[in-house]
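# here is my input, please return the structure:
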Amino acid sequence: MIESIIAIAEIASTGYNSYQCLSNFIFGNKQEEYLKQISENTKKTNIKIERLSDQILYAVNAEGVRDSNAKEQQYITNLDKDALFKILDPIQRAFQKPLLASSMISAPSQISTFDRHKLKDHSPLDHRFVQPFVDSPWEAILFKEKGAYWVGWQTPKHISQHLGCESVAQWTANQNVLPQSKSENQQDLTTNGTIFRDRLKDGTEGPYSSWDE
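Numbering: from 1, shown residues only. Coordinates of the predicted model:
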């Protein structure tokens, strides 16, 4: 099963224009491990987490994916929590799993000519999928085509050379911040070394989170 994935997302701009961005998504047990690490190392990393919904966490200043050729990463800084939720919510619903997303960066130029046939074993997200070769370091790529989400696999070397990006094994803090949101129903979760489980609307326990007391 997929625990992390590089996601290619599209952001609507003014008029009929749009542009692409990248983020790294983490799911399941790996998500809990990352949240624990972030909380334990908060004094060193100072990573800030925003709760966008019961099922979506956004690590505002955590670098989970990089442009392989850029000297400085171009972070997406013009999206508030409401806008981020609109981008991430359909993806989370498609996965049907709690989602932790790293800070978004502008997609490298190679992404504009993205072709799913450059990936291995690509299939619609609602299909059952596993890593093609267990003994090789393959990475998953999430993309959208004709209104449907797809997942494909490729080696880190190929992704770096042909898609111009690379995932970050251990997320590091950057200087990204979010603009003020007008929404009142979203929570700021800032790590301070304390771990707890949120109660979701159905009364069950949500993913590990940390609270700024």
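# so His122 is in contact with Val151, correct?
Yes: between His122 and Val151 a contact is recorded at 6.8 Å, counting by Cβ atoms under 8 Å. In this view, the C-beta of every residue, glycine as well, is placed from N, C-alpha and C.
# check contacts around Asp126.
Ala94 (Cβ atoms under 8 Å, 6 or more residues apart in numbering).
# ok, it to Ala148 distance?
Asp126 is 8 Å from Ala148, where distance means Cβ to Cβ, to the nearest Å.
# got the buried residues for the longest helix along the chain?
For the chain, the helix reaching the highest residue count under DSSP state H is reported as helix 81-95. For helix 81-95, a neighbour-count test (16 or more other Cβ atoms under 10 Å) marks 81, 83-85, 87-88, 91-92, 95 as buried.
# before we move on, what about stretch 166-182?
Across stretch 166-182, burial judged by 16+ other Cβ under 10 Å covers 166-167, 171, 173-174, 176, 178, 181.
# ok, now stretch 59-69?
Buried, per 16+ other Cβ under 10 Å, within stretch 59-69: 59-67.
# pretty sure Leu142 is touching Val151, no?
Yes: at 5.7 Å, Leu142 and Val151 qualify as touching, with contact defined as Cβ under 8 Å.
# not counting its neighbours along the chain, what's nearest Leu57?
Using Cβ to Cβ, 6 or more residues apart in numbering and skipping residues adjacent in sequence, the residue nearest Leu57 is Leu100, 4.7 Å away.
# part of a strand, is that neighbour?
Yes: Leu100: assigned to a strand according to DSSP: H, G, I helix; E, B strand; the rest coil.
# who touches it in this structure?
The neighbourhood of Leu100, defined by Cβ under 8 Å, 6+ apart, consists of 25-27, 31, 34-35, 57-59, 207.
# spit out the contact partners of Tyr149.
Tyr149 makes contacts with 91, 94, 124-125, 142-143, as judged by Cβ under 8 Å, 6+ apart.
# returning to what we had before: find the residues that touch each one of Leu142 and Val151.
By Cβ under 8 Å, 6+ apart, Leu142 and Val151 have these common neighbours: 5, 125.
# ranges for the helices of this structure?
28-40, 42-45, 81-95, 156-158.
# those helices: which one's closest to Glu10?
With Cβ to Cβ as the measure, helix 81-95 is the member of the helices of the chain nearest Glu10 (8.2 Å).
# per-residue confidence at Ala140?
Ala140 carries a pLDDT score of 90 in this model.
# so what's it up against?
2, 4-6, 131, 151-153.
# the same query, at a cut-off of 7 Å, please.
Ala140 makes contact with 2, 5, 151, 153, according to Cβ atoms under 7 Å, 6 or more residues apart in numbering.
# how about it: what's its closest non-neighbour residue?
Spatially, and ignoring its direct neighbours in sequence, Ala140 is nearest to Ile5 (4.2 Å; Cβ to Cβ, 6+ apart).
# test my guess that the one you found contacts Phe25.
Yes: Ile5 lies in contact with Phe25 (Cβ atoms under 7 Å); the separation is 5.1 Å.
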